[in-house]
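**Q** Task: produce atomic coordinates for the following.
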Amino acid sequence: MTPTVLVAVILGFVVVPLAMMVSRLRKRGLTQRLRQEGLRTQGDVLGITKDDEGPDVVHYAFFLPDGSRIESEGHSKASGQLCPGAPLDILYLPEDPRQNQPVDGGTGQVRFILEMIFLIGFMLTAAILFIKEELTPPESPQRPSPQRQLRPFEPQPPRAAPPSKGTPPLGSY
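**A** Sure, this is the predicted structure:
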């Protein structure tokens with residue numbers, strides 16, 4: 001395997017899935033932290049961006065106890081029933097209110113586990129195929145198979161007729 005192909009394989013089948021796993025771990029960690037330590041407040045929906053490939057993105061704003069306004073966006077399971085101006089429950093971290101999400105948003109445990117299983121399975125499959133490829137001995141170039149030397153034609157003397165035990169009797173036809 002050439003070095004360029006090896007680098008491409010490592011990037012595509014190891015680095016990218018690992019980066020995705022780290023991203024998912026962080027999102028799941030933030031969701032858990034918000035649910036355990038986060039403060040709950042009510043915000044207002046500013047708008048909803050429809051997304052054909054995934055859940056709709058809800059743009060919202062909420063006020064902190066000191067009166068400052070925070071605008072953010074996230075996913076909400078109720079995005080289909082929301083419209084601009086509708087109330088939306090928000091969780092935020094008191095030490096960093098920019099870390100927030102709708103109460104029903106975030107990465108759920110089942111989705112997180114399924115994503116991790118998929119990514120780990122993807123990496124393991126790639127590793128198995130890669131190891132199998134590396135352990136398989138390279139094929140030798142195809143050489144023509146050795147052929148027997150042809151002998152020049154030598155006429156053979158005629159063979160004698162096989163011995164006869166007499167002529168068989170003719171039967172009636």
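
**Q** hang on, E134 is in a strand, isn't it?
**A** No: using DSSP: H, G, I helix; E, B strand; the rest coil, the assignment for E134 is helix, not a strand.

**Q** Could you give the number of residues near it?
**A** Per other CB atoms under 10 Å, the neighbour tally for E134 reads 9. Backbone N, C-alpha and C define where each C-beta goes, glycine included.

**Q** From I120, how far off is it?
**A** Between E134 and I120 the computed distance is 21 Å (CB to CB, to the nearest Å).

**Q** So what are the sheet partners of the longest strand along the chain and their directions?
**A** Identified as the longest strand of the chain according to DSSP state E is strand 39-49. Applying DSSP bridges to the sheet, strand 39-49 is found paired with strand 57-63 (antiparallel), strand 87-93 (antiparallel).

**Q** The residue nearest the centre of the chain sits in which helix or strand?
**A** With distances taken as CA atoms, centre = their mean, F122 lies nearest the centre of the chain, 4.9 Å away. Taking DSSP states H and E as the criterion, F122 maps to helix 109-135.

**Q** From H75, how far off is the residue nearest to L91 when sequence neighbours are not counted?
**A** Excluding its sequence neighbours, the residue lying closest to L91 (CB to CB, 6 or more residues apart in numbering) is G38, at 3.7 Å. The gap separating G38 from H75 is 16 Å, by CB to CB.
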